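Student: Below are the sequence and a predicted model; questions follow.
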Amino acid sequence: AQKALAVQLGLTPGCHITAIGWNKLGTERSTSKILLGSSFGEIYEYEIEVEDDDVSSSSNSEDILPSLMVRLNESESGAGAGTSSGIVSGLFFSMGEGESASVAVLAATSGVNKQTRLHSYLSTGNGDETGGPSSKLRTVFASSENLSRRSFMELPGSINYADLQVCDGTFAMRTETGVYYGTIDKSSSRNV
């Protein structure tokens, strides 16, 4: 119960978690860094560790709270906080190992009477990424073009929940008009 309260305290008041981007480097005792998508179109970073059969986070109380990485409706449109981009209905990220490994993030946003969008972020590997997984995630959402590339695509129609699935570098997303699919290209100037 205390853990659930800590997660909610770190979120924008009134929002709730709608998607989780799991880290493949997680273990039975720790999720490692994960991404949480919210009903306000926000993406947070979080980590859960298990110590002595009790769910807890790092001993530092600041690490217990989710950390806001990006507000999707602000990063693309320049608008203020709100729900104009819809909820984060799908979330995926891939983080390579090593200092120069890139990070790729895909986020689907949707909602009733909201435009369905696919947002993509890719770190360029030019930043100082020696700080571990947390700094790699911050780098991928950086506004500097030297550190990351970002894009979003508006898809036709409005759907309540645009489900996003990723397998072996290929993604598929359910939209009102069908399935939008493609590949994640970490080498070109476009992300997807």
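Tutor: Everything's here; your move.
Student: For the protein, name the helix or strand with the lowest mean pLDDT.
Tutor: Comparing helices and strands within the chain by mean pLDDT, DSSP states H and E singles out strand 54-56 as the least confident, with a mean of 49.
Student: residues in contact with whichever helix or strand comes after that strand?
Tutor: The helix or strand immediately downstream of strand 54-56 is strand 67-71, counting by DSSP states H and E. The contact list for strand 67-71, computed with CB atoms under 8 Å, 6 or more residues apart in numbering, reads 10, 12, 35, 40-46, 81, 121, 134, 137-138, 141. For the C-beta atoms, the positions are set from N, CA and C on the backbone; glycine is no exception.
Student: which neighbours does strand 67-71 have in its sheet, and in what orientation?
Tutor: For strand 67-71, the paired strands and their directions (DSSP bridges) read strand 42-51 (antiparallel).
Student: Tell me who's in contact with Thr177.
Tutor: Thr177 sits in contact with Leu155, Pro156, Gly157, where contact means CB under 8 Å, 6+ apart.
Student: can I get those in CSV with secondary structure?
Tutor: What follows is the contacts of Thr177, written out as CSV (DSSP: H, G, I helix; E, B strand; the rest coil):
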residue, secondary structure
Leu155, strand
Pro156, coil
Gly157, coil
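Student: If you rank those residues by neighbours, which is first?
Tutor: Leu155 (20 neighbours; other CB atoms under 10 Å).
Student: what's near enough to touch Ser120?
Tutor: By CB under 8 Å, 6+ apart, the neighbours of Ser120 are Ala104, Val105, Leu106, Ala107, Arg150, Ser151, Phe152, Ile184, Asn191, Val192.
Student: any idea of the mean pLDDT for stretch 165-174?
Tutor: Per-residue confidence for stretch 165-174 averages out to 92 on the pLDDT scale.
Student: Keeping just the C-alphas, turn that stretch into CSV.
Tutor: The C-alpha coordinates for stretch 165-174 follow below in CSV (Å, rounded to 0.1, in the frame of the first residue of the first chain):
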residue,chain,number,x,y,z
GLN,A,165,3.1,-4.4,-29.9
VAL,A,166,6.8,-4.8,-30.7
CYS,A,167,8.7,-8.0,-31.7
ASP,A,168,12.2,-8.3,-33.0
GLY,A,169,12.4,-4.7,-34.2
THR,A,170,9.0,-4.8,-35.9
PHE,A,171,6.0,-3.0,-34.5
ALA,A,172,2.2,-3.1,-35.1
MET,A,173,-0.3,-0.7,-33.8
ARG,A,174,-4.1,-1.1,-33.8
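Student: So which residues make contact with it?
Tutor: Outside stretch 165-174, the residues that touch it by CB under 8 Å, 6+ apart are 90, 92, 106, 108, 118, 155, 159, 161-164, 179-184, 192.
Student: measure the nearest residue to Ala162 once chain neighbours are set aside to Ser89 for me?
Tutor: When the adjacent residues along the chain are set aside, Ala162 lies closest to Ser110, with 3.7 Å between them (CB to CB, 6 or more residues apart in numbering). The span separating Ser110 from Ser89 equals 5 Å under the rule CB to CB, to the nearest Å.
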